[in-house]
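K.L.:
below: sequence and its predicted model.
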Amino acid sequence: MKRQPGFSATDVERGAQRLAWVATGCLIDEARLSPKPGLVDARGNGAHQDLSLALMERSAHSLTPTFYALALHSWQRTVDIALRQQVGKLGREGEASMMAATGGVNTHRGAIWALGLLVSAAAMLGEEVSAEQLTDCAAQLAQLPDTAEPKSFSKGLRASQRYQVPGAREEAQQGFPHIVQLALPQLRHSRGNGADEASAQLDALMAIMTSLSDTCVLSRAGLTGLQAMQQGAQQVLAAGGCATLAGRRALTRLDNHMLLLNASPGGAADLLAATLFIDRITVN
């Protein structure tokens, strides 16, 4: 990697390490956050038979080298095809490492895409950037083609095409609107209103779930499950959010409904981890 003006090799390595550690920490914090409807958390496996909190944490740690490599290769680079191809290659290598660590279970494929782009964008831009600047840079990167990308179809992509709704790719290419317009404002609003950090993060998750076409839910429970997720999340926030008794009761109802439908909003969880990352590295 060519060293950029104004930064020593040590500066670049330390900066890349910091971004990798923050990204990994956000994945772990998202996994531990409880209670999350239908999702793996500190209470149990949610609607999943093949996932556990320990597996999610092992998966997150396996991705630290990938985030580090993404930051290192993106440091002070400009958006171009060459970087997009490199980001895609490193992302696929990270997915292989994840699969090796989890015994073939897909724990964080969507998070590799979202956080990988954001880590790269953060390395490209440096410090003292806003959430909008960061997500705009990530969107520019996501909009470029990756000619080496495999042509196989994931469950999420199949659900996106079947139901004609945007998926993770479109979310990134549009600049992560569910984060910038919903989750991040809700996170900071809830904090400002005195909510504890866990409740504020749960409120941010609810904000995402109110309108996201979560392809994980669609794959498992179809449009019925998606509508239940969106309406249930709206009810949590309308009741005052997760820091209130009424909001917690609404959250419990939503959790029970998701479990009954065997639905897990994994796409929303990926975006929550990305929200935490943006919150921690950008200026308000």
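P.N.:
Perfect, I can see it now.
K.L.:
so where do the helices sit in this protein?
P.N.:
In the chain, the segments counted as helices under DSSP state H are 9-32, 53-62, 64-74, 81-102, 109-125, 131-143, 155-163, 168-173, 177, 184-192, 197-209, 215-238, 245-260, 266-281.
K.L.:
elements contacting the third one?
P.N.:
When you say that, I think you mean helix 64-74. helix 9-32, helix 81-102, helix 109-125 (3 or more C-beta pairs under 8 Å, 6 or more residues apart in numbering; DSSP states H and E). (Each C-beta comes from the backbone N, C-alpha and C, glycine too.)
K.L.:
of the ones you listed, which approaches residue 151 most closely?
P.N.:
With C-beta to C-beta as the measure, helix 81-102 is the member of these nearest residue 151 (13.0 Å).
K.L.:
average model confidence for the closest one?
P.N.:
Over the span of helix 81-102, the pLDDT mean works out to 96.
K.L.:
what residues sit buried inside that helix?
P.N.:
Using 16 or more other C-beta atoms under 10 Å as the test for burial, helix 81-102 gives 83-88, 90-92, 94-95, 97-99, 101-102.
K.L.:
run a quick neighbour tally on residue 77.
P.N.:
Using other C-beta atoms under 10 Å, residue 77 has 18 other residues around it.
K.L.:
so what's the residue count around residue 219?
P.N.:
Residue 219 has 21 nearby residues by other C-beta under 10 Å.
K.L.:
could you do residue 145 as well?
P.N.:
For residue 145, the neighbour count with other C-beta under 10 Å is 10.
K.L.:
gap between it and residue 24?
P.N.:
28 Å (C-beta to C-beta, to the nearest Å).
K.L.:
ok, residue 234 - contacts?
P.N.:
206, 210 (C-beta atoms under 8 Å, 6 or more residues apart in numbering).
K.L.:
which other residues reach stretch 80-99?
P.N.:
Applying C-beta under 8 Å, 6+ apart, the contact partners of stretch 80-99 are 59, 62-63, 65-67, 69-70, 73-74, 77, 105-109, 112-113, 116-117, 120, 141, 144-150.
K.L.:
now, of those, which are buried?
P.N.:
Buried among the contacts of stretch 80-99 by 16+ other C-beta under 10 Å: 59, 62-63, 66-67, 69-70, 73-74, 77, 105-109, 112-113, 116-117, 120, 141, 144, 146.
K.L.:
do I have it right that residue 207 meets residue 182?
P.N.:
Yes - in this structure, residue 207 is within contact of residue 182 by C-beta atoms under 8 Å, at 4.2 Å.
K.L.:
mind checking which of those two has more residues around it?
P.N.:
residue 207 (30 against 21).
K.L.:
on that earlier part again, now tell me which of the helices of the chain the model trusts least on average.
P.N.:
helix 155-163 (a mean of 70).
K.L.:
let me see the contact set for the nearest residue to residue 235 once chain neighbours are set aside.
P.N.:
Nearest residue to residue 235, sequence neighbours excluded (C-beta to C-beta, 6 or more residues apart in numbering): residue 250, at 4.6 Å. Residue 250 sits next to 232, 235, 236, 238, 239 when contact means C-beta under 8 Å, 6+ apart.
K.L.:
what is the neighbour count of the first one?
P.N.:
Neighbourhood size, residue 232 [other C-beta under 10 Å]: 21.
K.L.:
so what's the residue nearest to residue 17 when sequence neighbours are not counted up against?
P.N.:
For residue 17, ignoring the flanking residues on the chain, the nearest one in space by C-beta to C-beta, 6+ apart is residue 68 at 6.2 Å. Residue 68 sits next to 16, 17, 19, 20 when contact means C-beta under 8 Å, 6+ apart.
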